[in-house]
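Chemist: here is a sequence with its predicted model. Questions after.
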Amino acid sequence: MSHLTRNVVIFVSAIVLMLYVLAPVTWLVSSSFQTEAEIVSVPPHWIPENPTLMNFEAIFGATAEEEVTYETRSGQDPASGGYIPSTAGNLLPAMGNSLIVATLVVILNLLVGVPAAYALAKIRFLGRDASVYFILVTRVIPDIALVVPFFLVIRKLGLLDSLGSLVLTYLAVTVPFTVFILVQFFEGLPDELDKAARVDGCSRFQSLVRVFLPLSLPSLVAVILFTFLTSWNEFLLALMFTQTEASQTLPIVLAAFTSDFTISFSFINAAGVLAIVPPVVVAVIFERYIVSGLTAGAVKG
């Protein structure tokens, strides 16, 4: 295969892959500005013929206190785009709950995972290797198998139907990943850095904060991104541990839109657009560190 042919194949493959990845997102954004009649038209309209902000106005204008009955819902015409699901007023509070949970999990995850990873990587103690393998084993257990143990613990602590239950269980899921990534990175840094810091009078904590944390920024960003996205998107545990609107997170409220009397696809897609904004913002902010962070520690040198 000639050099030109290989480049053409790579270029075409990249274009096909890009279309495959971007097409669903493009349709999500486009359909959020369409009426229900236009979104179900054949052939589909990738570019709205009559763009409307009605779906977003319904989201920001709806309140959880609005009384929605069968009569008021059946009197609305979903094809016009003016249909509002009964749980529309719960969307923005649920986004706030998801943001609170994801932020707390990220902060606590770093507070717990970073010192643990440093200790496992730089402090030699009895049972160190067994501890690392135990942490890895916890990540191969599917989340569905942990639901019942988690539920019993959360109920015993009196945290059912609270954001605290989600923070606690999400930490149990994300901390092992954080420790694994950071252990690999810290082990790739020369031990002489730690010894030099100790000779200069630094304690273990000061060595971690002043020497290793600045060098581990790419790995920390990868951990932050993974933890935030995991907490933001998690559905199963949130479904099990939250029952009321006061504690439900965004995935639960979005799923509720599909179980109403009438389903408005344009409204659901508008809600989906709002749901992807925070992860996209986080990814754009830390974009320069993502690739280097995910590969950090892959090769020891």
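Modeler: Nice, I can see it. Numbering: from 1, shown residues only.
Chemist: shaky segments in the protein?
Modeler: For the chain, the stretches flagged by pLDDT under 70 are 1, 62-83, 260-261, 289-301.
Chemist: for stretch 246-265, buried residues please.
Modeler: Neighbour counts over stretch 246-265 (16 or more other Cβ atoms under 10 Å) mark 247-254, 256-257, 260, 264-265 as buried. Any C-beta I mention is one placed from the backbone N, CA and C, and that applies to glycine too.
Chemist: quick one: which of those is nearest Val140?
Modeler: When those are compared for distance to Val140 (Cβ to Cβ), Pro251 wins out at 23.8 Å.
Chemist: same for the helix or strand where Leu4 lies, what does it pack against?
Modeler: Following DSSP states H and E, one finds Leu4 within helix 3-31. Here helix 3-31 touches helix 265-285, going by 3 or more Cβ pairs under 8 Å, 6 or more residues apart in numbering; DSSP states H and E.
Chemist: what residues sit buried inside stretch 195-215?
Modeler: For stretch 195-215, the buried set under the neighbour-count rule, 16+ other Cβ under 10 Å, comprises 197, 202, 207-208, 211-212.
Chemist: ok now that stretch, how far from the chain's centre?
Modeler: Offset of stretch 195-215 from its chain centre (Cα atoms, centre = their mean, to the nearest Å): 32 Å.
Chemist: need the contact partners of that stretch.
Modeler: The contact list for stretch 195-215 (Cβ atoms under 8 Å, 6 or more residues apart in numbering) reads 114-115, 118, 123, 186, 189, 193-194, 220.
Chemist: spatially, which two of the residues you listed are the most separated?
Modeler: The distance between the two most remote of these (Cβ to Cβ) is 19.7 Å, for Ile123 and Leu220.
Chemist: looking at the two, which is more packed in?
Modeler: Leu220 (22 against 10; other Cβ atoms under 10 Å).
Chemist: am I right that that one is in contact with Asn109?
Modeler: No: taking contacts as Cβ atoms under 8 Å, Leu220 lies outside contact range of Asn109: 10.5 Å.
Chemist: is it true that Val183 touches Val132?
Modeler: Yes: with contact defined as Cβ under 8 Å, Val183 reaches Val132; the gap is 6.5 Å.
Chemist: which neighbours do the two share?
Modeler: Leu120.
Chemist: more neighbours: the two, which one.
Modeler: Using other Cβ under 10 Å as the criterion, Val183 and Val132 rank with Val183 on top: 24 against 18.
Chemist: where's the more buried one, which helix or strand?
Modeler: Here Val183 sits within helix 163-188, counting by DSSP H and E.
Chemist: which neighbouring elements make contact with that helix?
Modeler: Judged by 3+ Cβ pairs under 8 Å, 6+ apart, the packing partners of helix 163-188 are helix 91-122, helix 128-139, helix 147-157, helix 217-233, helix 236-241.
Chemist: which residues make contact with the last one from outside it?
Modeler: What it means is helix 236-241. By Cβ under 8 Å, 6+ apart, the list of residues contacting helix 236-241 from outside reads 143-144, 147, 150-151, 154, 159-161, 165-166, 169-170, 248-249, 251-252, 255.
Chemist: measure the residue nearest to Ser231 when sequence neighbours are not counted to Leu126 for me?
Modeler: Spatially, and ignoring its direct neighbours in sequence, Ser231 is nearest to Ala102 (3.9 Å; Cβ to Cβ, 6 or more residues apart in numbering). The spacing between Ala102 and Leu126, counted by Cβ to Cβ, to the nearest Å, is 37 Å.
Chemist: and these two? which has more neighbours close in?
Modeler: Counting neighbours by other Cβ under 10 Å for Ala102 and for Leu126 shows that Ala102 has the greater number, 26 against 7.
Chemist: roughly how far does the residue nearest to the spatial centre of the chain sit from Val223?
Modeler: When Cα atoms, centre = their mean is applied to the chain, the residue found nearest the centroid is Leu229 (1.5 Å). Going from Leu229 to Val223 by Cβ to Cβ gives 11 Å.
Chemist: with that, I have no additional questions.
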